[in-house]
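A.B. asks: Give me the fold of what follows.
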Amino acid sequence: MNYQKAVAYLEGLGAFHKAGASAYHPGLQNIKALDEWLGAPSKELKCIHVAGTNGKGSSSALLAAVLSVAGYRTGLYSSPHLVDMCERIRIDGLPVPRDFVVEFASRLADPSCPVRPSYFEALTAMAFEWFRRSRVDVAIVEVGLGGRLDSTNIISPLLSVITNISLDHTAILGDSLEAIAAEKAGIIKPDVPLVVGHAQQSVRRVFLEAAAAFGPDRPPVIFAEDNPLYAKVEERHEQCLYRGTPWGDVACPLTGSFQHENAATVFNALVQLSTRFDITPQAVKTGFAHVATLSGLTARWMPCTFRGAKFIADTGHNPGAWEHLGPRLERIAAERPLFMVVGFLADKDLEAIVNYMPRAASYRFVTPAGDRARAADDTAAVFAAHGIEGRVCADVDSAIADAAREAAPEGVVFVGGSNFVVSSFLKVLSVENAKSD
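C.D. replies: Down below sits the predicted model:
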């Protein structure tokens with residue numbers, strides 16, 4: 001088995017990013033059996049568990065970056081990947097070696113393996129085993145979907161974090177904020193501190209009741225938005241500057257109102273972690289300032305240049321994310337020509353998302369890769385019904401090339417709507433950059 005065959009084998013187990021809901025295996029029986037077969041690596045790890053509808057990737061990356069700079073060997077398990085599967089499992093920013101992926105996939109394919117896991121179950125077990133073998137000091141473990149029945153929920157973490165709740169994956173998690181919050185609340189443990197980011201009142205009640213069920217001695221739930229731990233935030237030169245944090249003024253390249261919420265969540269989490277880890281002000285400042293390099297995080301309002309035009313790539317793909325993206329794009333469109341290259345998956349609430357789309361923009365609609373894709377023609381029809389016209393493009397490559405020609409040098413091109421669209425753009429960008437080098 002080589003790396004390509006290993007990836008094909010793992011995806012053949014049922015990958016959510018390929019097949020959608022049919023690949024989701026609710027329940028912890030498989031992952032528990034797999035973990036036990038491997039010698040229970042999950043029980044040997046010190047973990048931080050991060051759930052939420054949006055922002056959990058950025059929050060996990062910030063925590064991992066700070067702890068790495070603080071001198072701790074830090075694992076990060078996140079999803080989905082954008083270009084290569086190894087992105088999901090990192091230690092101090094470095095992806096898991098392909099040789100280990102091949103070794104682990106071969107073990108799963110052996111008849112002695114007690115279960116046939118799903119793709120996500122297999123990768124979760126792989127992450128735990130790689131982190132144990134590498135003797136990490138701490139592992140940031142991001143929930144894949146929901147929380148209560150997610151494969152990551154076999155860990156006993158030092159800290160639990162829930163970033164926010166909005167409507168996504170409603171067919172699986174429930175069609176109300178309260179129902180989705182109840183699934184996320186499944187990561188709450190009896191003696192583990194919980195930090196919650198943004199939470200509406202009805203959602204707060206869900207978390208408070210879930211925590212209270214463990215009795216009066218459970219640590220109180222910390223709502224970060226009640227005390228964001230910064231006096232004010234300034235956005236300038238494509239970075240946020242958080243004034244007056246417990247560690248001084250902290251700058252971060254992750255910008256936008258959504259990231260302000262994530263920063264508050266992470267600051268509150270760091271206060272809790274400071275009882276167990278030596279986290280200096282310099283570690284916080286450096287971790288935040290260099291989060292992408294230190295953790296491998298990418299495509300969160302990511303500015304770049306392609307063929308002489310300014311591009312912005314972002315993986316926001318549900319109404320909760322577009323509630324924040326839309327106003328930022330409107331502000332750009334008011335000042336400069338804006339070109340939108342967007343494509344969506346069929347299981348996303350496009351009727352809700354389109355309400356946040358900037359009107360004063362030139363649109364190019366694409367079909368994302370994969371079986372879950374919404375056809376570009378269908379996307380164009382939904383947008384047209386809301387008064388937004390645009391071009392249907394054959395693929396992402398031609399769409400971004402066309403947008404770049406029209407945008408350069410004064411305009412801005414946004415690429416997003418789906419992780420698959422961003423992934424296609426990043427691959428083209430990588431080839432372009434390699435040519436220029």
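A.B. asks: Give me the neighbour count for residue 377.
C.D. replies: Residue 377 has 10 neighbours, counted by other Cβ atoms under 10 Å. Every C-beta, even on glycine, is put in place using the N, C-alpha and C of the backbone.
A.B. asks: I'd assumed residue 392 was in contact with it.
C.D. replies: Yes: contact criterion Cβ atoms under 8 Å: residue 377 and residue 392 qualify, at 5.7 Å.
A.B. asks: So for the two, which residues contact both of them?
C.D. replies: Residues touching both residue 377 and residue 392 (Cβ atoms under 8 Å, 6 or more residues apart in numbering) are residue 365.
A.B. asks: ok now stretch 89-109, how far from the chain's centre?
C.D. replies: If you compare the mean C-alpha spot of stretch 89-109 with that of the full chain, they lie 20 Å apart, counting by Cα atoms, centre = their mean, to the nearest Å.
A.B. asks: Just list the residues touching residue 279, thanks.
C.D. replies: When contacts are counted by Cβ under 8 Å, 6+ apart, residue 279 is found next to 66, 67, 70, 270, 273.
A.B. asks: Kindly recompute the last result at 10 Å.
C.D. replies: Residues in contact with residue 279 (Cβ atoms under 10 Å, 6 or more residues apart in numbering) are 66, 67, 69, 70, 71, 72, 247, 270, 271, 273, 287.
A.B. asks: in which helix or strand would I find the most centrally placed residue in the chain?
C.D. replies: The C-alpha lying nearest the average C-alpha coordinate of the chain belongs to residue 57 (Cα atoms, centre = their mean; 3.1 Å). Secondary structure assignment for residue 57, by DSSP states H and E: helix 56-69.
A.B. asks: and if you look at residue 80?
C.D. replies: Using DSSP H and E, residue 80 sits in no helix or strand.
A.B. asks: what's around it, how many residues?
C.D. replies: The burial metric for residue 80, expressed as a neighbour count using other Cβ under 10 Å, is 17.
A.B. asks: ok, it to residue 99 distance?
C.D. replies: Remark: distance between residue 80 and residue 99 (Cβ to Cβ, to the nearest Å) = 22 Å.
A.B. asks: Would you confirm that residue 137 contacts residue 67?
C.D. replies: Yes: with contact defined as Cβ atoms under 10 Å, residue 137 and residue 67 form a contacting pair (7.8 Å).
A.B. asks: quick one, which of these two is more surrounded?
C.D. replies: With neighbours defined as other Cβ under 10 Å, residue 137 and residue 67 compare such that residue 67 has more, 29 against 16.
A.B. asks: who's in contact with the nearest residue to residue 246 once chain neighbours are set aside?
C.D. replies: In space, and not counting its chain neighbours, residue 246 is closest to residue 229: 6.1 Å by Cβ to Cβ, 6 or more residues apart in numbering. Shown in contact with residue 229 (Cβ under 10 Å, 6+ apart): 242, 244-247, 250, 263-268, 270-271.
A.B. asks: just to revisit the earlier point, count the neighbours of the residue lying closest to the residue nearest to the centre of the chain once chain neighbours are set aside for me.
C.D. replies: Across the structure, with Cβ to Cβ, 6+ apart as the measure, the residue nearest residue 57 apart from its sequence neighbours is residue 78 (5.7 Å). Summarising burial for residue 78: neighbours were counted as other Cβ under 10 Å, giving 24.
A.B. asks: Residue 78: what's it in contact with?
C.D. replies: Under the criterion of Cβ under 10 Å, 6+ apart, the contact list for residue 78 reads 50, 56-57, 60-61, 64, 87-90, 127, 140-144, 295-297.
A.B. asks: same question, residue 88
C.D. replies: If you count contacts by Cβ under 10 Å, 6+ apart, then residue 88 has 76-81, 95-96, 120, 123-124, 126-127, 142, 144, 296 around it.
A.B. asks: Does residue 112 touch residue 38 like I think?
C.D. replies: No: applying Cβ under 10 Å as the test, residue 112 and residue 38 come out as separate, 11.5 Å apart.
A.B. asks: who's more crowded, these two?
C.D. replies: Taking other Cβ under 10 Å, residue 112 and residue 38 do not tie; residue 38 has more neighbours (17 against 7).
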